[in-house]
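Engineer: I'll drop the sequence and a predicted model, then ask my questions.
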There are 2 protein chains.
Amino acid sequence: MKKSDPLVIFTPSGKRGHFAKGTPVLTAARQLGVDLDSVCGGRGICSRCQITPSYGEFSKHGVTVADDALSEWNSVEERYKSIRGLIDGRRLGCQAKIEGDVVIDVPPESQVHKQVVRKRAEARDITLNPTVRLCYVEVAQPDMHDPSGDLERLVDALQQQWELDEISADLSVLSTLQTRLRKGEWKVTVALHQAADDAPHTILRVWSGFHDAPAYGLAVDVGSTTIAAHLCDLHTGDVVASSGIMNPQIRFGEDLMSRVSYGMMNEGGADEMTAAVRDGLNALFDQITTDAEIDKTLILDTVFVCNPVMHHLLLGIDPYELGQAPFALATSDAIRLKARDLDLNLHPETRAYILPCIAGHVGADAAAVALSEAPDKSDDLVLVVDVGTNAELLLGNKERVLACSSPTGPAFEGAQISSGQRAAPGAIEHVTIDPVTKEPRFQVIGSDLWSDEEGFDAAIATTGVTGICGSGIIELVAEMRMSGIVDGPGLIGTAEQTGTPRCFTDGRTNSYMVWDGSADGGPVITVTNRDIREIQMAKAALYSGARLLMDKFGVDTVDRIVLAGAFGAHISPKHAMVLGMIPDCELDKVTSAGNAAGTGARIALLNRSARREIEKTVRDIDKVETAIEPRFQEHFVNASNIPNAVDPFPILSRIVTLPDVTFNTGGGGEGGGRRRRRRG
Amino acid sequence: MKKSDPLVIFTPSGKRGHFAKGTPVLTAARQLGVDLDSVCGGRGICSRCQITPSYGEFSKHGVTVADDALSEWNSVEERYKSIRGLIDGRRLGCQAKIEGDVVIDVPPESQVHKQVVRKRAEARDITLNPTVRLCYVEVAQPDMHDPSGDLERLVDALQQQWELDEISADLSVLSTLQTRLRKGEWKVTVALHQAADDAPHTILRVWSGFHDAPAYGLAVDVGSTTIAAHLCDLHTGDVVASSGIMNPQIRFGEDLMSRVSYGMMNEGGADEMTAAVRDGLNALFDQITTDAEIDKTLILDTVFVCNPVMHHLLLGIDPYELGQAPFALATSDAIRLKARDLDLNLHPETRAYILPCIAGHVGADAAAVALSEAPDKSDDLVLVVDVGTNAELLLGNKERVLACSSPTGPAFEGAQISSGQRAAPGAIEHVTIDPVTKEPRFQVIGSDLWSDEEGFDAAIATTGVTGICGSGIIELVAEMRMSGIVDGPGLIGTAEQTGTPRCFTDGRTNSYMVWDGSADGGPVITVTNRDIREIQMAKAALYSGARLLMDKFGVDTVDRIVLAGAFGAHISPKHAMVLGMIPDCELDKVTSAGNAAGTGARIALLNRSARREIEKTVRDIDKVETAIEPRFQEHFVNASNIPNAVDPFPILSRIVTLPDVTFNTGGGGEGGGRRRRRRG
């Protein structure tokens, strides 16, 4: 590089340098550390190194680019363009040679570390940096004068042609290596695995000749109820297909605690459950590859996130210890292994990565949420709530992140609610109650019409109104509180107290009639005072977890709240706040992150650096165990009130005025019930 | 450490330092880097740290050791001595504390890196430095205030109590970790694997409490015909048991080439052979552990040596390419994997190490011979010959080592010899022929009596005289040459020419009658001229390989010769030299190394540093491919003569005068036959 040589400026990186005439653009890019892709190593085969030269005057760069700044099209480029086509203005970086000062743009699709844009405005993009890359090499033939193994010559070729360090290969690669090399006439494409930027490489696969199919990865969220997988193209970062199945372990118990118990009560029970979830994963992977019409053996990396019990059962570890204090994990760190170690019927060299667990009941799924929502990178103080049977909470900012879990129980999923049901067509999901007439109107899943709108009966003719789902019960109870049907301590008033015949005496307490479908043979849908109690306990558990983290952080308010989890996506922030389920916060600062655990898995799949990052984050997180925090009980009692017995909700008060009603006539009933359940 | 503190001098290392009063001897040893063993980490349980203090005046060290130089016996020591006993004068290094200037001897059995003395005078001792060590640790209990996995706390304990770096564990350890820790009340003994001094550690096994049983290793020589294994105690280095079986692959072909062919001719044939050898190994390991009465799961390391074809078949690689030029190995480097990757039914975490191959037909067995015989450390020039179906030769000294293989064929094993047989009772193994009467006398395997001694008939009554084994045919042909029955070019004379009726016309050539057992229904044992030709070709191949290496080295003589291999142990150096099978050399400089390949495997098993050493040696060895060396043919033709057509054998001439006979009457016959076969 002499100063008299042509100046080459790459955009968007801005990297620049002088190169001798005749230097291929790809070579210049490599020497400057510009992110320009290549699989074939500059042989004009893969076309991954496409670049766009710019001509004319560039005052900001201080150069003028002449029309002949790059070499004429050569036969390789011409041939490539005629057969495969090239966007106008594009050149192949390995063929075009520098002849004069030039400005060269590297389009996003030619970058190895391209950005995968996330849909949510507040979410950071994902930088592609997968563990798997493809490299085409030409291998020296065996020489009797200098005998060496085929593998050693392949490794030499990779090291020299790709400037790589340590490279190894396992048995399954060795067993087919010799035929692949000879069939490809000593030209092969190799899939290399590198766990981290500074880790050694491992050969995962060898294809004869130039191999152009992408490598794929799976991001898998192994939940207690459902298992969901995203099939991703590791080169583009695209989600090629997504699919889910019920977790086959459900037959051993609906919730986690009953599965832990199953393992305790049945000899070999944990092994049975391990086999079941692995079988389920295999079925899911078959399904997703069939849907996407891809060769399953092209899946070379997998990432798993799961709660601690699923984590242990997936790994073949009896989750017994997680069922009792002190909730000791067998291992909490991230785990790197081969997918076949988990009995997964993928390519024998396919890797598996399991995110670290944060604590005994804050699992790898919560770590994945932390990776996706990145509270540790937030300037403002964010509370991330993953709402499920067990809620995991993260509170923090750039300075510090705290985590805990709280045993909300299944009420938020519609379970243990008299008219509750899973979110399915026919379930009431949105509700308003007229504050004057106390008449409800609602929407059911499967129809956009409200129940008082014309055509509602026809719209729900096939499904009927079947029950109340999790988000529905939250809105319903909140609306009952807002319309004065329920008081702060959670008692439903009588017809006289509330002024509506929909309230009726139901044993020792009162219930509220939402829908009477009995005329059509359908259900009578009511909210009982016991239902209110269930919701109170669930929301109190959630709130007191959040409140405890706020105590530890030394704050009384948070700047924003992210609701994660599929259920979180359907929660109405206003109603959640009326319930006192989440801390007081500006409504537009309460957002939904959707399946953040699944997104976190996808980030870890697409970006190996994110793995080290979340491993560090998890180590740094301050773990709070709610079970042994004395203030948790106090917060829980206060949070049993709707919205709260002591905490003010000033922001909420500006939007909603809650009626000051009291229905306690001194009879007691179930009032103030303080039943707790743990985990599960 | 102040100068005023007591001075502690360790022997035999001579390491010395000042230590504050009250410092345990073990602590002082560790700080000085003195090699003092411990499994329990200084808790007075394992007794591995026994030391012998010396009292009185030590003028050479300049100290006087007072009687109270060490602390009084404490209760731990007293208790240990009363229950387990201690040799007089011994103390436990972890309990005895320094109170004054003292000289402390570390007896060999208290050293980690103790020496295993080899029986042969010229062989170097083996320094114990196995990949597996046991460490007893006390692990912190789980704490809800600071949640972490059991594994992470175990790793912390190991790192702190044993000053170790990176430690990891695989799934099989994780699945039982929690119960083991709790059963041992958070005290466990861990078997750690470390592939090399600077490599990370892996947890292989965890035992509850203090575990005192040794860890074992297997050194395995997988030969074409037999598989032999040595079971070694990894702490003492002792060979606890040795055992061998026939290689079950024999049913696919006696020699290697026919096995390569079997793989070519039969779909799945290579896989069948892989399964057969692995099954054989499993049977052998069952047998050896039953014989030794040890728990098979205590075997935690294994080392394998084998020729290239067996190497590939063991690994599950089709050896097809090894059957044809350029004899390309799939891989030549050393291989580190788990024994279960080879379908071996050992503990799931048991490791396997396979030595590197030198070239396409100079395998890991030859590398093991190089490790055992260490030509690369020899001051004088040594030729190491591993005699088998294929002979591997190493020639070198500290400056340089050369290697080649030479296709001797199976004649030296008694095959393709008309009266040949394997070495077994009844086989002729030693022979002399009276130079005047031309009468033979011989010994057979199973009796020490010579055939002309009284009682011979009775001694061999059960076995009979059944044939001639490999070492027998070498002596016989050499004796025939020495007694003038065979001439230099290898022709057997007629009865007239030799003056003995034992020579008789047998088709177009003559044969020599060794033994006529037909009267008793036994065989008639003769040496035909075709037998002589077979031996000539075999010995010519061997010699010309050696000669070629000498050419490359630029020498005409070697300083010493080591005969390796079980067969090599039975060869008479004088007879081998008369045959011209090995170069001219002082007879007392021709020694047998026995099963040097097996010894090399044992060295690699007991000393992990030896693994890196042999990997480097193998890389540095200059490989010579006889098949493409033009001079090999020339040497071969010359070496067909007995002993040689051109090379002088001056040292041999001083001992033996060979009769100058010529039996070629111009008829030709098979004279000078130059059939070659390759490999196998």
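Structural biologist: Everything's here; your move.

Engineer: Quick check: which element contains A:E429?
Structural biologist: strand A:427-433 (DSSP states H and E).

Engineer: Give me the angle between the helix or strand following that strand and strand A:427-433.
Structural biologist: Under the assignment DSSP H and E, the closest C-terminal helix or strand after strand A:427-433 is strand A:440-444. Angle, strand A:440-444 to strand A:427-433, by axes from the mean of the first three to the mean of the last three CA atoms, to 10 degrees: 150 degrees.

Engineer: quick one: strands adjacent to strand A:440-444?
Structural biologist: strand A:427-433 (antiparallel) (DSSP bridges).

Engineer: pLDDT averaged over the strand it pairs with - what is it?
Structural biologist: Averaged across strand A:427-433, the pLDDT comes to 96.

Engineer: go on, stretch A:253-265?
Structural biologist: Averaging pLDDT residue by residue across stretch A:253-265 gives 88.

Engineer: For chain B, tell me whether it is touching it.
Structural biologist: No. Against chain B, stretch A:253-265 shows no contacts by CB under 8 Å from any CB of the partner chain, the least distance being 12.3 Å. Any C-beta I mention is one placed from the backbone N, CA and C, and that applies to glycine too.

Engineer: what's the strand holding A:E429 in contact with?
Structural biologist: A:414, A:421, A:423, A:439-445, A:465-469, A:471-472, A:475-476, A:479-480, A:482-483, A:485, A:514-515, A:525, A:570, A:572 (CB atoms under 8 Å, 6 or more residues apart in numbering or on different chains).

Engineer: Which of those fall in strands?
Structural biologist: Counting by DSSP state E, the part of the contacts of strand A:427-433 found in strands is A:P440, A:R441, A:F442, A:Q443, A:V444, A:G467, A:I468, A:V514, A:W515, A:I525.

Engineer: Any idea how many residues pack against the third one?
Structural biologist: Neighbour count of A:F442, defined by other CB atoms under 10 Å in any protein chain shown: 23.

Engineer: my guess is it contacts A:E479, does it?
Structural biologist: No. Contact criterion CB atoms under 8 Å: A:F442 and A:E479 do not qualify, at 9.4 Å.

Engineer: quick revisit: can you flag the buried ones in the contacts of strand A:427-433?
Structural biologist: Buried members of the contacts of strand A:427-433, counted by 16 or more other CB atoms under 10 Å in any protein chain shown: A:414, A:421, A:423, A:440, A:442-445, A:465-469, A:471-472, A:475-476, A:479-480, A:482-483, A:485, A:514-515, A:525, A:570, A:572.

Engineer: low pLDDT regions in chain A?
Structural biologist: A:1, A:666-680 (pLDDT under 70).

Engineer: the domain parsing of it - what is it?
Structural biologist: Listed domain ranges for chain A are A:7-110, A:131-208, A:216-354, A:368-407+A:535-655, A:411-531 (source: automatic domain parsing).

Engineer: Select, from the ones in strands among the contacts of strand A:427-433, the two members most distant in space.
Structural biologist: A:R441 and A:G467 (16.9 Å; CB to CB).

Engineer: the helices in the stretch 51-200 of chain A, which residues?
Structural biologist: A:75-84, A:150-162, A:171-183 (DSSP state H, counting those that start in this stretch).

Engineer: next one: the stretch 251-400 of chain A
Structural biologist: Going by DSSP H, counting those that start in this stretch, the stretch 251-400 of chain A shows helices at A:256-265, A:269-292, A:308-315, A:364-373.

Engineer: Point out the most buried one among the ones you listed.
Structural biologist: helix A:364-373 (a mean of 31; mean count of other CB atoms under 10 Å in any protein chain shown).

Engineer: re earlier: could I get the helices of the stretch 51-200 of chain A in JSON lines, plus columns for mean neighbour count?
Structural biologist: Shown next, in JSON lines, are those (neighbours: other CB atoms under 10 Å in any protein chain shown):
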{"stretch": "helix A:75-84", "mean neighbour count": "13"}
{"stretch": "helix A:150-162", "mean neighbour count": "20"}
{"stretch": "helix A:171-183", "mean neighbour count": "19"}
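
Engineer: got the residues of the stretch 351-500 of chain A near chain B?
Structural biologist: Residues of the stretch 351-500 of chain A lying near chain B (CB under 8 Å from any CB): A:C357, A:I358, A:A359, A:G360.

Engineer: Please render those as a markdown table that adds neighbour count to the earlier fields.
Structural biologist: Formatted as a markdown table, those follow (neighbours: other CB under 10 Å):
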| residue | neighbour count |
| --- | --- |
| A:C357 | 31 |
| A:I358 | 29 |
| A:A359 | 25 |
| A:G360 | 28 |
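
Engineer: out of these, who's nearest chain B?
Structural biologist: A:A359 (3.8 Å; CB to the nearest CB).

Engineer: Burial check on the closest residue to the closest one other than its chain neighbours, number of neighbours?
Structural biologist: Nearest in space to A:A359, with sequence neighbours left out and distances taken as CB to CB, 6 or more residues apart in numbering or on different chains, is B:P147 at 3.8 Å. Number of residues near B:P147 (other CB under 10 Å) recorded here: 23.

Engineer: likewise A:S242?
Structural biologist: So A:S242, with other CB under 10 Å, has 17 neighbours.

Engineer: Tell me who's in contact with it.
Structural biologist: A:S242 makes contact with A:A228, A:A229, A:H230, A:L231, A:I288, according to CB under 8 Å, 6+ apart.
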